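Novice: here's my sequence, what's the structure:
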Amino acid sequence: MFIVSQCLVAIATLLDLASFQFKSRSAILTCLFTSVLFTAVHFFLLDKISAACLMLLAALRYGYCIFARDPRVMLGFMAMSIAAVYITWHSWISLIALLAALLQTYASFQANDFTLRCFMIVGTLCWILHNVLVFSPIAVLMESVFLMSNLIGLWRFYAKKRLSANA
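Specialist: The predicted model follows:
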């Protein structure tokens, strides 16, 4: 099952790589929706049930956020994430996954692309730590690629323009 799990997360990696190369918020979220479905199955195969449940909630969240951003729904997703970790608690590592999920939930509900990207960066760093601790090397790679893609997107859409405007 370990090899199958790593193959699934490799597919998710490709989707993550593509996600932040789009400027459109809905295109970013559509890629993320598909990616986290693969990642959820990967965590189920590794018997990391808290992380798997958080990824399933993330898929639902991304799907919802493609079309709407009601802050009350954001609070509902945060509450469901907390409940999911409470119910599936395995170890303190589950708290790292929860922190990542809460940060990325907040990010998903931001109207501003720049704010979405910044909170995603912090959440991604939490997922990298989590994946190192649960020993999922391809998931570490996936989140690292996701982080780099996000940083490249930030550079392309924001830093590069500021540098050009100041020149």
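
Novice: next, residue 111: phi, psi?
Specialist: Phi and psi for residue 111, reported as degrees, to the nearest 10, are phi -70, psi -30.

Novice: can you map out the strands along this structure?
Specialist: Read by DSSP state E, the chain holds no strands at all.

Novice: any regions of it where pLDDT drops low?
Specialist: Residues of the chain meeting the criterion pLDDT under 70: 20, 160-167.

Novice: ranges for the helices of it?
Specialist: For the chain, applying DSSP state H gives helices covering 2-19, 25-45, 49-67, 71-88, 93-108, 113-133, 137-154, 160-166.

Novice: other residues contacting stretch 15-29?
Specialist: Residues from elsewhere that reach stretch 15-29, judged by C-beta atoms under 8 Å, 6 or more residues apart in numbering: 31-32, 34-35, 38, 62-63, 65-66, 108, 113, 116-117, 120, 142-143, 145-146, 149-150, 152-153, 156-157. (Each C-beta comes from the backbone N, C-alpha and C, glycine too.)

Novice: so can I have CSV of the helices of the chain showing mean neighbour count?
Specialist: Listed next are the helices of the chain as CSV, based on neighbours: other C-beta atoms under 10 Å:
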stretch, mean neighbour count
helix 2-19, 19
helix 25-45, 22
helix 49-67, 21
helix 71-88, 15
helix 93-108, 22
helix 113-133, 19
helix 137-154, 19
helix 160-166, 9
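
Novice: quick one: contacts for residue 106?
Specialist: 74, 78, 119.

Novice: redo the residues you listed as TSV? Include distance to residue 57.
Specialist: Below are these laid out as TSV (distance: C-beta to C-beta, whole Å):
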residue	distance to residue 57
74	12
78	10
119	16
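
Novice: which one of these sits closest to residue 7?
Specialist: residue 119 (29.3 Å; C-beta to C-beta).

Novice: can you pull the contacts of the spatially closest residue to residue 122 that is not a sequence neighbour?
Specialist: Closest residue to residue 122 apart from its sequence neighbours, by C-beta to C-beta, 6 or more residues apart in numbering: residue 103 at 5.2 Å. Residue 103 makes contact with 119, 120, 122, 123, 126, according to C-beta under 8 Å, 6+ apart.

Novice: out of the contacts of residue 106, which comes closest to residue 55?
Specialist: Looking across the contacts of residue 106 and measuring by C-beta to C-beta, the closest to residue 55 is residue 78, at 15.2 Å.

Novice: show me what contacts the closest one?
Specialist: Counting by C-beta under 8 Å, 6+ apart, residue 78 makes contact with 102, 105, 106.

Novice: can you name the residues that contact residue 32?
Specialist: For residue 32, the contacting residues are 15, 16, 19, 58, 62, by C-beta under 8 Å, 6+ apart.
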